[in-house]
Structures are given as C-alpha cells and as structure tokens.
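Peer 1: Can you look at this prediction? I've put the sequence above it.
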2 protein chains.
Amino acid sequence: MSDALAPGSTIGILGGGQLGRMLALAAAPLGFKVHIYEPSADCPAAQVADRCTTAPYDDDAALDAFAASVNVVTYEFENVPTAALDRIEAVVPIRPNRRSLGISQDRLDEKTFLQGIGLKTAPFANVEDQAELDAAISQIGTPSILKTRRMGYDGKGQARLRSADDRPEVTAPSVLEGFVDFSAEISVIAARALDGAITCYDPGENVHRDGILATTTVPASLPRSLQTDAVLLAGRILNELDYVGVMGIELFVTSGGLIVNEIAPRVHNSGHWTQNGCTIDQFEQHIRAVAGWPLGDGQRHSDVVMENLIGDEVDQWQALSADSNAALHLYGKAQSRPGRKMGHVNRVSPRASKG
Amino acid sequence: MSDALAPGSTIGILGGGQLGRMLALAAAPLGFKVHIYEPSADCPAAQVADRCTTAPYDDDAALDAFAASVNVVTYEFENVPTAALDRIEAVVPIRPNRRSLGISQDRLDEKTFLQGIGLKTAPFANVEDQAELDAAISQIGTPSILKTRRMGYDGKGQARLRSADDRPEVTAPSVLEGFVDFSAEISVIAARALDGAITCYDPGENVHRDGILATTTVPASLPRSLQTDAVLLAGRILNELDYVGVMGIELFVTSGGLIVNEIAPRVHNSGHWTQNGCTIDQFEQHIRAVAGWPLGDGQRHSDVVMENLIGDEVDQWQALSADSNAALHLYGKAQSRPGRKMGHVNRVSPRASKG
C-alpha cells in the first residue's frame, strides 16, 4: 500500500482524445490532478484536465517538463513513439509497462505472445512483401484478412481476401490472418493492480459496423463455462505481462471455444458500458491501478447497451436527451466527420438476474 | 425543446468549490464546457473546468467578460452578491431564478414563503434587536434557536436558547425558531425542467454532527405515506417558484407530519448519494435543467450510505480506497481544516427492495 499515490498527486496521460478525457473525469473524484500531453490543439481531454501540454512527441523539452510535472504516466492509445516513452520513463514510471505496450503495438508480436502462453488466436503468417503474401495465402487460405502489423485501429490498414485471386498490395509489414468462424465477439475488460490483484468486468457482446464498434451489450449471451474461460484467459494475459492497469481483450466465440482477437493495453471502447453499469467504472479502475491503489468493485448493478455515436449520429443528441434511461457521454469534439467517434450512449435497465 | 443548449455550449458557474467541481464533472459528458467564476485562487472546480475566472464579485469587467463567454449561468451557493447577479443577468439567463435565490438567502423570507403556500415550518419570529428577542422568546418559548437571517450555513450564525434566561446578543437581523420535536431529518432532492417537468430522488435520511451533515442514508426509514407527502411538497415549492434546476429540501419528520427546515436552490450535500445510486445524478440533473434539457431518470439502482469526510477524516483515504464497495469523491482541496468538507464516500450495496 505504500506505493499508493496520495490525493493531490498528478497523473500524466499521453493522448487527449475521448479516452484521455474520460480518464481525467474519473481521476478527479480520487483527488488526482491530470496533465494531458497531446500534439493536437483543442483536444477533448483538455476541457476537463488541470493542465494540458500541446506539443509533438519529438519535442524533448516539452516531454521533459511533462515528465517532471507528474507522478506517474499512462496513455490512452498504443501508438506513442518509442523515443518519447524512453525519455519519459527515465524520469517517471509508465503504466501499463513498456512490454505490454510493445506487444500490443504489433499484431505479429501480439499473436506470437498469445500463442506462446497457450491461448488460441486466428491462424496467422508474417507478410513483408508480395512473395510472402503468396506463401501466406498458400498456408492460411482464404477468406482471410491482411492487416498491417502496426498502427491499425477501427478497421484501418486492413484488406479482405475473399478468394486466392485477391492480391492486395503489401505496403507495410503485415500479417495475414485466417478467417475465424465465430458466433459472437465479446470483450473482457480486466484490471490488474500493482500488487497483482486482478478483477474482471462481466463480458460484453460487441457488434461492429464498417469495422468500427457499434454496440456492446451486457450481459453477453454466453454460456457460463465460456464466461469462466474468458476471465481465466484474461488473468493469464495480465499476469504474464506483469500488467498494471485496465486491458481490453477482444475474443471470438467459436464452436471450439474462445479465440483471442486482439488486446489493447488501455481502457477500451467496449468497456464504456461500465460507466453506468458498475460503481467503479473502467476509467476509475485504470486510474486506481496506475496510481498504485487497490482496485474497486467491478460488480455490475445494471444491464446496459452501449451504442457508439459515430460521425453525424451525434446530431441525435436532442432525441437521446429525451430518453430518460439513456446516459449520454459526449466527447466535446467540435467537428463531426464520417467514422469519427463523437460520443456514446449507455441505455440502462435494471439488472435482469444475478447471473 | 428549442430552448435546449446544444453540446459545445458553455455553462457558467458562480462558485468554484466542491459543488461547482462536481457540476463541472457532470456537465462534460453532456458535451458542455464549463466556465467557473470564483474569487479564491486554486479553487477545486478549476482543476476540471475548461475555464476559470479568478476575480471578486465586484469586478465589473470580469463579470461582464464572464457573462459574455457563457450561454447560461448557475451557482453553487446562495450568497452571491445581488449587484453581481444583476450585472450578469443583463446579459445571460441565471437559473435557478432570482426569486428562488432571494427567498433562500433569507430565513425570514423563506419561512414566510413556505407558510404562504401552505407548508409547515418551525414556529418563528423576526428578531432585529434585543427587545424583539424578548418578545420573540415570549411568543416562541424555549428551547429555541436564534439564527441570522442571511449567510448562515453548516450551523454558523446560530445560537441555542435552552431556557428563557438565555439572551444571546443579536448581532444581525435574525429569526428565532421554535424547537421542533422530530424523529428524523430527511432530504428530498427535486429537479424541475424548463418545461415544468418535475422529478424527485428517493428521500435520504440525514444525520448531523456539530451542525454539519455527517451521513445520508438511502432509502430513508420512512412510511410510504410520508414519502408521498415529501414528493408532493417538493413539487409545490418548485412549481410555486417556477424553479429550474435541482433544489435540496430538508424536512423534519414529526408526529404531526413533515415540517420544512430549509431549502437550498442548488445541488445539495444530502444528494451526493445519487452519484452512485442513480444513472443520472443530481449534478447532471441540475445541468440538464439549467441547459433546458429534459430531465433524466431519477430512479435508484442501489442502496447508498453517504458519509462526509470532514477535516482530517480525509486522511483515511487509503483505508477507504481498500473498501471495494466504497466510491470515494475527493474535492481536490490542498489543505484540510477542522470543519472543512474535504470529500465524501458513498458506500454502495445492491438495492434491497423495489420499495
């Protein structure tokens, strides 16, 4: 317990988007100040943070001043440049740790790690060039999907191969992933404290549209045995990485059991339902973990359907505000663009069963 | 609905204490920016607000700039100087309205108003000087309590009269209030929207220590008929005042029914339990109302005991953080002082009944 940051300490957050914003909103009730580091001006998190540094990730002076002003650093996205992390970590701890971040930054490393600890993933092959793509197609078959190893999110950097005749151009180091015949996609939002304690939220069931998460429904329609599998699997990943913080783990439900789709070393869109389903939500849980606090109770008091508001869907705010069971969470972004996450709504109902 | 402020609008809040802070935290998920006006430097609300003006209430230029920068103004405390309000209201609406604020600023006006609309209060008499105190004691009797008409809170500005021999000095216009033999003190947190819709949270049962609220427990141990009385009474007050926003109404439970102790034209300490008991808490409800939005659902999903952390009780943060059913709400105040509200904790348990 002596490692716990006292109220009044400052949490540094790399990235000032909606996840940084909601982390900042969760940090305040614990008495923490938040300092955001974000290259873009007028970021959503700055509106609710005590301080915001607007500087690129290669501004050494800004990075040094940021690191000196905070007691711990966390991040809201995976793709923070390595040199910036090195510079910050020389001054102050980064949580979750660099290994977890590194593995999740690279689809090849991620899948290799997951299989290495005995978990199932989609079949995959490394693809550096067109010749390797040919070999990968021979090995993996089609339908399959070519994904860049790094920097992919929300369906970006992906190409589907419907038949062996499809030969997308390999523009960056990639992996070819085999088709997985799944009945559902679920997420487990898990948290691990500095002392190794782990807690998991109830799995949520995800529906994507156009490669972007559309809804998460809790409870998921999932047999009890698979719920247990999901939680055990999450625990194995977090322990193996000596992880501290919240992790989002996307799983495919197949006739052969659970397959890990991907892991994200941070709070996750599919965990937004916890804001209105649990006393301690994923954002507070993450702040507690990175601050060295004990984790809170992850029990669920309500059933929730989380629905993302993408692009101009946010223009429905007035109708949504009239639905008395809908908790609105808008991100303070001035401009909506197609595909841009502008907010989400949690539709809440009394918990149907004690599950 | 056309009066609803769009997300991206700015809510001005007079006062940057913990209530302003929690209002700001609740405004963000609705997409609103918050501009705090507060005379003291380093106020708790500034840590989570988009903007903060640090200036006294007689700084006309600061008031004008503040008013010009916001779309609506609300307040976290009753004692904003009238001249400042006049200046702001010339530019932008103030909600709740001036009449509600004026009545609650003055104990004599408040009790006169409440009796005027047919509600019960403690017996009271106006006391301007020692001679009027003598007359009031003859009329009201003892035990009784002498309270300054204005600027009293948390037991300040009060003197108890245990017998007719007690003659406290009358230092300001005051009222003498007769003793009320009550079995419990409860609060109703009620909200009224711009269109007149009203919603009430379940009544909470309050315990005070040293004149300061110590705990609020929900559900209150209150017969169903009195719960209904409390809600009807709240509705009468809000409608009569054409009120917009959240109001805290403190009631005494007596053998003769409910007696109104006092009303506060703002979010209220005895409503903090709603943060962890309801999907839409009192802070969001207040923001919704003053922004011209429909009210959210005030239904309660959990039982809650709210416990204030006064003075050095906040030093217990580490033990409290280890209680997984305790949601901690700290106010970001650097210095604890005896009697100073530093935070609160909501102890949450599953709702025992649908009551």
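Peer 2: Perfect, I can see it now.
Peer 1: buried stuff in stretch A:249-265?
Peer 2: By neighbour count on 16 or more other C-beta atoms under 10 Å in any protein chain shown, the buried set for stretch A:249-265 is A:249-253, A:258-265. C-betas here are computed from N, CA, C, even on glycine.
Peer 1: Check stretch A:222-238 too.
Peer 2: Neighbour-count burial for stretch A:222-238 flags A:Leu222, A:Leu226, A:Gln227, A:Asp229, A:Ala230, A:Val231, A:Leu233, A:Ala234, A:Gly235, A:Ile237, A:Leu238 (criterion: 16+ other C-beta under 10 Å).
Peer 1: Okay, now the unreliable bits of the stretch 1-150 of chain A?
Peer 2: Across the stretch 1-150 of chain A, the ranges flagged by pLDDT under 70 are A:1-2.
Peer 1: which residue sits closest to the residue in it that chain B sits nearest to in space, ignoring its chain neighbours?
Peer 2: Closest residue of the stretch 1-150 of chain A to chain B, C-beta to the nearest C-beta: A:Gly31 (3.3 Å). Excluding the flanking residues, the one nearest A:Gly31 by C-beta to C-beta, 6 or more residues apart in numbering or on different chains is A:Pro7, at 2.7 Å.
Peer 1: contacting residues for that neighbour?
Peer 2: A:Pro7 makes contact with A:Leu30, A:Gly31, A:Phe32, B:Val314, B:Trp317, B:Leu330, B:Gly332, according to C-beta atoms under 8 Å, 6 or more residues apart in numbering or on different chains.
Peer 1: before we move on, what about A:Ile13?
Peer 2: A:20, A:23-24, A:34-37, A:45, A:49, A:73-76.
Peer 1: From those residues, list the ones also adjacent to chain B.
Peer 2: Among the contacts of A:Ile13, the ones lying close to chain B by the criterion of C-beta under 8 Å from any C-beta of the partner chain are A:Ala24, A:Ala49.
Peer 1: Could you check which residue of the stretch 51-200 of chain A lies nearest chain B?
Peer 2: Counting by C-beta to the nearest C-beta, the stretch 51-200 of chain A gets nearest to chain B through A:Thr199 (8.4 Å).
Peer 1: and the helix or strand that residue falls within, which strands flank it?
Peer 2: For A:Thr199, the element it lies in under DSSP states H and E is strand A:198-200. Paired with strand A:198-200 in the same sheet, following DSSP bridges, are strand A:182-192 (antiparallel).
Peer 1: Tabulate the contacts of A:Pro7 in TSV, adding columns for secondary structure and neighbour count.
Peer 2: TSV is the format used below for those (DSSP: H, G, I helix; E, B strand; the rest coil; neighbours: other C-beta atoms under 10 Å in any protein chain shown):
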residue	secondary structure	neighbour count
A:Leu30	helix	24
A:Gly31	coil	24
A:Phe32	coil	27
B:Val314	helix	23
B:Trp317	helix	21
B:Leu330	strand	23
B:Gly332	coil	24
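Peer 1: So which of the residues you listed is the closest to A:Thr274?
Peer 2: A:Leu30 (15.9 Å; C-beta to C-beta).
Peer 1: For the closest one, list the residues it contacts.
Peer 2: Neighbouring residues of A:Leu30 by C-beta under 8 Å, 6+ apart: A:Pro7, A:Glu284, A:Ile287, A:Arg288, A:Ala291, A:Trp293, B:Ser321, B:Leu328, B:Leu330.
Peer 1: How much space separates the residue lying closest to the last one once chain neighbours are set aside from A:Ser69?
Peer 2: Taking C-beta to C-beta, 6+ apart, and ignoring the residues beside it in sequence, B:Leu330 has A:Gly31 as its nearest neighbour in space, at 3.3 Å. A:Gly31 is 17 Å from A:Ser69, where distance means C-beta to C-beta, to the nearest Å.
Peer 1: same thing with A:Ser163?
Peer 2: 55 Å.
Peer 1: So for those two, which sits in the more crowded spot?
Peer 2: Using other C-beta atoms under 10 Å in any protein chain shown as the criterion, A:Ser163 and A:Ser69 rank with A:Ser69 on top: 16 against 8.
Peer 1: so that one sits right up against A:Ile11, yeah?
Peer 2: No. A:Ser69 is beyond contact range of A:Ile11, at 10.8 Å (criterion: C-beta atoms under 8 Å).
Peer 1: list the residues that contact both of those two?
Peer 2: A:His35.
Peer 1: burial of A:Asp86, as a residue count?
Peer 2: Residues lying near A:Asp86 (other C-beta under 10 Å) number 12.
Peer 1: Can you give me the separation between it and A:Arg98?
Peer 2: For A:Asp86 relative to A:Arg98 (C-beta to C-beta), the value is 9 Å.
Peer 1: Restricting the selection to alpha carbons, write the helix or strand where A:Val246 lies to PDB.
Peer 2: In this structure, A:Val246 is located in strand A:245-254 according to DSSP H and E. Taking Å, rounded to 0.1, in the frame of the first residue of the first chain, the C-alpha atoms of strand A:245-254 are listed here in PDB:
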ATOM      1  CA  GLY A 245      -4.000  -1.000 -15.400                       C
ATOM      2  CA  VAL A 246      -7.000  -1.900 -17.400                       C
ATOM      3  CA  MET A 247      -6.800  -4.000 -20.600                       C
ATOM      4  CA  GLY A 248      -9.400  -4.600 -23.200                       C
ATOM      5  CA  ILE A 249      -9.400  -8.100 -24.600                       C
ATOM      6  CA  GLU A 250     -11.500  -8.900 -27.700                       C
ATOM      7  CA  LEU A 251     -12.500 -12.500 -28.100                       C
ATOM      8  CA  PHE A 252     -14.200 -14.500 -30.700                       C
ATOM      9  CA  VAL A 253     -16.700 -17.100 -29.600                       C
ATOM     10  CA  THR A 254     -16.400 -20.200 -31.800                       C
END
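Peer 1: and the stretch 151-300 of chain A, which of its residues are near chain B?
Peer 2: Applying C-beta under 8 Å from any C-beta, we find that the stretch 151-300 of chain A lies next to chain B at A:Asn276, A:Thr279, A:Ile280, A:Arg288, A:Trp293, A:Pro294, A:Leu295, A:Gly296, A:Asp297.
Peer 1: can you rerun that using 7 Å?
Peer 2: A:Asn276, A:Thr279, A:Ile280, A:Trp293, A:Pro294, A:Gly296, A:Asp297 (C-beta under 7 Å from any C-beta of the partner chain).
Peer 1: what's near enough to touch the spatially most central residue of chain A?
Peer 2: Centre of chain A computed as the mean C-alpha position; nearest residue by C-alpha atoms, centre = their mean is A:His268, 3.2 Å away. Listed by C-beta atoms under 7 Å, 6 or more residues apart in numbering or on different chains, the contact set of A:His268 reads A:Ser187, A:Ile189, A:Gly248.
Peer 1: Next, format those as a markdown table and append pLDDT and neighbour count.
Peer 2: Output for the contacts of A:His268, formatted as a markdown table (pLDDT from 0 to 100; neighbours: other C-beta atoms under 10 Å in any protein chain shown):
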| residue | pLDDT | neighbour count |
| --- | --- | --- |
| A:Ser187 | 97 | 27 |
| A:Ile189 | 98 | 30 |
| A:Gly248 | 98 | 21 |
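Peer 1: Could you export those to TSV, including columns for distance to B:Asp58?
Peer 2: As requested, those are exported to TSV (distance: C-beta to C-beta, whole Å):
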residue	distance to B:Asp58
A:Ser187	54
A:Ile189	50
A:Gly248	51
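Peer 1: Going by distance to B:Ala159, which of these wins?
Peer 2: For these, the nearest to B:Ala159 is A:Ile189 (54.9 Å; C-beta to C-beta).
Peer 1: Without its sequence neighbours, what residue ends up closest to the closest one?
Peer 2: Counting by C-beta to C-beta, 6+ apart, the residue nearest A:Ile189 is A:Gly271, at 3.7 Å.
Peer 1: Was I right to think that neighbour contacts A:Val188?
Peer 2: No. Here A:Gly271 does not reach A:Val188: they are 9.1 Å apart, not a contact under C-beta atoms under 7 Å.
Peer 1: Does A:Asp3 belong to a helix, a strand or coil?
Peer 2: A:Asp3 falls in the coil class when you classify it by DSSP: H, G, I helix; E, B strand; the rest coil.
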